[in-house]
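Asks: here is a sequence with its predicted model. Questions after.
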Amino acid sequence: MTKKTPTTSELISRISRAPNVSLLVDAYDAAIEDSIVSVHRVKGTEWQVWHGGWSGFSGDFFEVRAHLAEDAEEILDRAAAAEIGSAPAMIQQQAQQQQACAAVVRTPSKVEVAKAEVARLEARCAVLREEKLPAYDLLRECRAERISAVSGELDACPGVCWTNEERAEVAAEEADARLDECIDDHHEACLNLREEQDEDDAAQACADLLDMIEGTEHLQSLVQASVDRAAAGLGSTTATQDSVEALRLHAADLRRQLAAMPMPVPMIQQVAQQQQANAGARLTVITNPTPPTHCSCCGRRLTDHVSVRHGIGPICRANSAAPTRDLFTTRSDYTVEDLLDVVLVVDLDRGGRSVSNDASGVIDDLRKAGLIRPGVPVVYRDSSGTWDQLRVKEGRFSGFSSVGVLTREEAIAWARAN
């Protein structure tokens, strides 16, 4: 049985009894079954509309309401044209207000939502830095929390229809870039903290050794004065010249230990400033933690140049003991000479990594020392005695350039010519 389509008079009769726009639309929907969806039905599927769209209508909640308001206004216009009557003034006024609200509804931009969440994330990262907690795991957890929070906040935004793809775009495109920056910043801060601690330990060891040297030499001078007074008949003492000689040898041994200690990185900058004031000064950088004058296996003092070169004594080498100074746990040992227009690096080949294998670390050392300057090439002599160039881009090592000369003068001439 076909249902009869209501006449205009019947429509106006039903509409005129509706006290507000919401019920007006309900009345319109009840009168015409093949119309769009009613406000009541839209409210019933409100969660579905905000979570990926509604199968019966492509658009969001406010677009549905605006469309229904337009249909209601069209019926009122038809009624007025037919001179049957018009809707009450209250209905017209509320319909206009409804249209105005639909027109001024502003959808929050994805960027604004993402920026708010990134601000919260940055605050969390600041707390992590202060607490010095492991960066990656906690920040990845923070990322998962952020995605969940963004989804919840988007769902709570009235008048916004977000699809899963749009949520993914907000989560990945807007905030992930800043998250990666926070991770890198925190990771770099942790590395700098460890470097500062290592440098502080090395600097403290040097300071303690200097105090011991000064104390030994001061004691040597006092004992020498006491021995001299006793020899002149001005007093008596149990000390002898042998005691003075023993103190002198002890002070000399302490100075050798100081010379063999690794130079802390901050000291490189001080020497570099002196080099710029006095071109041609040479700086020796010993970066390995184990002094090459001692066996890396048993710790005994090394005297033979072959043993010093390999960092292991003959007995340990004969017993096939694995030295701790290998390519994975050591840095390179080298000298640096600043000629203002050329920086020369010479691989000392003392058993650690070569400058070629440690090129990135060498350039970082030179950059911290202020020796990486625009237009100033860095050339180095490798362990085979051949000179090559270390290319630098934006303060970082970027590759090698073959020079192919064997003498220092030829390397300097090549660098200045190129």
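Replies: Received it, and whenever you're ready, just let me know what you need.
Asks: I'd say residue 302 and residue 296 touch.
Replies: No. Using Cβ atoms under 8 Å, residue 302 is not in contact with residue 296, being 9.4 Å away. Every residue, glycine included, has its C-beta placed from N, CA and C.
Asks: between these two, what contacts are shared?
Replies: Taking Cβ atoms under 8 Å, 6 or more residues apart in numbering as the criterion, residue 302 and residue 296 both touch residue 311.
Asks: which one of those two is surrounded by more residues?
Replies: residue 296 (25 against 20; other Cβ atoms under 10 Å).
Asks: go ahead and confirm the more buried one touches residue 307.
Replies: No. Assessed by Cβ under 8 Å, residue 296 is found out of contact with residue 307, at 10.2 Å.
Asks: other SSEs contacting the longest strand along the chain?
Replies: For the chain, the strand that runs over the most residues, judged by DSSP state E, is strand 396-405. Judged by 3 or more Cβ pairs under 8 Å, 6 or more residues apart in numbering; DSSP states H and E, the packing partners of strand 396-405 are helix 359-368, strand 387-393, helix 408-417.
Asks: extract the C-alpha trace of that strand and format it as CSV.
Replies: Output of strand 396-405 as CSV, limited to C-alpha atoms (Å, rounded to 0.1, in the frame of the first residue of the first chain):
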residue,chain,number,x,y,z
ARG,A,396,80.9,17.9,10.8
PHE,A,397,83.1,15.4,9.0
SER,A,398,81.7,14.9,5.5
GLY,A,399,84.4,12.7,3.7
PHE,A,400,87.9,12.4,2.5
SER,A,401,89.8,14.0,-0.4
SER,A,402,93.0,12.4,-1.7
VAL,A,403,96.1,14.6,-1.6
GLY,A,404,98.6,11.9,-2.3
VAL,A,405,101.8,13.7,-1.1
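Asks: parallel or antiparallel, list what pairs with that strand.
Replies: If you go by DSSP bridges, strand 396-405 pairs up with strand 387-393 (antiparallel).
Asks: who touches the strand it pairs with?
Replies: 345, 359, 362-363, 372, 377-382, 397-408, 410-411, 414-415.
Asks: make a PyMOL selection of whichever of these turn out to be buried.
Replies: Applying 16 or more other Cβ atoms under 10 Å to the contacts of strand 387-393, the buried members can be selected in PyMOL as follows:
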select buried, resi 345+359+362+363+372+377+378+379+380+381+382+397+403+405+411+414+415
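Asks: how near is residue 373 to residue 342?
Replies: Applying Cβ to Cβ, to the nearest Å, the value for residue 373 to residue 342 is 11 Å.
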